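A.B. asks: How does the following fold in three dimensions:
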Amino acid sequence: MSDTKDYKWYIVHTQNGYEKKIRERIDKRVKENGMEDLIVDIYIPSQMVSVTKNGKKVNKEEFSYPGYVFVKMIMNDATQSMIRRTPGVSGFIGSHATTKEELRKVKREKSKNAENCEFFFARIDKTKRIC
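C.D. replies: Numbering: from 1, shown residues only. Below you'll find the predicted structure:
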């Protein structure tokens, strides 16, 4: 077996508003099942924004793609099953990994705007637009 593993990014659909909780659950399950070498990163695209609440400015984390989490992993039956059976996970988006270019666009995104959202969902479902 080669030392270079073929990790790819996959998009996981989750319950909206539970992205951080899902990341914690997946992290916990990865450790419990000894899959640290198969699932290596979980990324939630977000940014800090300032909002005024009760007359005071507060910083708030805003998710760029609510209800979606990116997982860097080696896809096999065990990892796919473990992710899909995690409470709060609806499943994987698409049947293939996210391309490097798509992920670069997500990581570069600084604001929630229609253009950046358009590329992301166009390959998944042209009628679905949540941004």
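
A.B. asks: ok, L38 - contacts?
C.D. replies: 30, 73-74, 76, 78-79 (Cβ atoms under 8 Å, 6 or more residues apart in numbering). C-betas here are computed from N, CA, C, even on glycine.

A.B. asks: out of those residues, which is most surrounded?
C.D. replies: Within the contacts of L38, most neighbours by other Cβ atoms under 10 Å means M73, with 24 neighbours.

A.B. asks: List the buried residues for stretch 18-35?
C.D. replies: 18-19, 22-23, 25-26, 29-30, 35 (16 or more other Cβ atoms under 10 Å).

A.B. asks: Could you do stretch 88-107 as well?
C.D. replies: By 16+ other Cβ under 10 Å, the buried positions in stretch 88-107 come out as 89, 92-93, 97-98, 102-103, 106.

A.B. asks: Mind picking the one among the contacts of L38 that's closest to D41?
C.D. replies: Nearest to D41 among the contacts of L38 is M73, at 8.2 Å by Cβ to Cβ.

A.B. asks: Could you pull up the contacting residues of the closest one?
C.D. replies: 7-8, 10, 38-40, 79, 83.

A.B. asks: hmm, try it at 6 Å
C.D. replies: Neighbouring residues of M73 by Cβ atoms under 6 Å, 6 or more residues apart in numbering: 38-39, 79.

A.B. asks: could those be laid out in a markdown table, adding distance to P45 and pLDDT?
C.D. replies: Compiled in a markdown table, the contacts of M73 are given as follows (distance: Cβ to Cβ, whole Å; pLDDT from 0 to 100):
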| residue | distance to P45 | pLDDT |
| --- | --- | --- |
| L38 | 22 | 94 |
| I39 | 18 | 94 |
| T79 | 21 | 94 |
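
A.B. asks: Now, these that are in helices?
C.D. replies: The helices, defined by DSSP state H, take in T79 from the contacts of M73.
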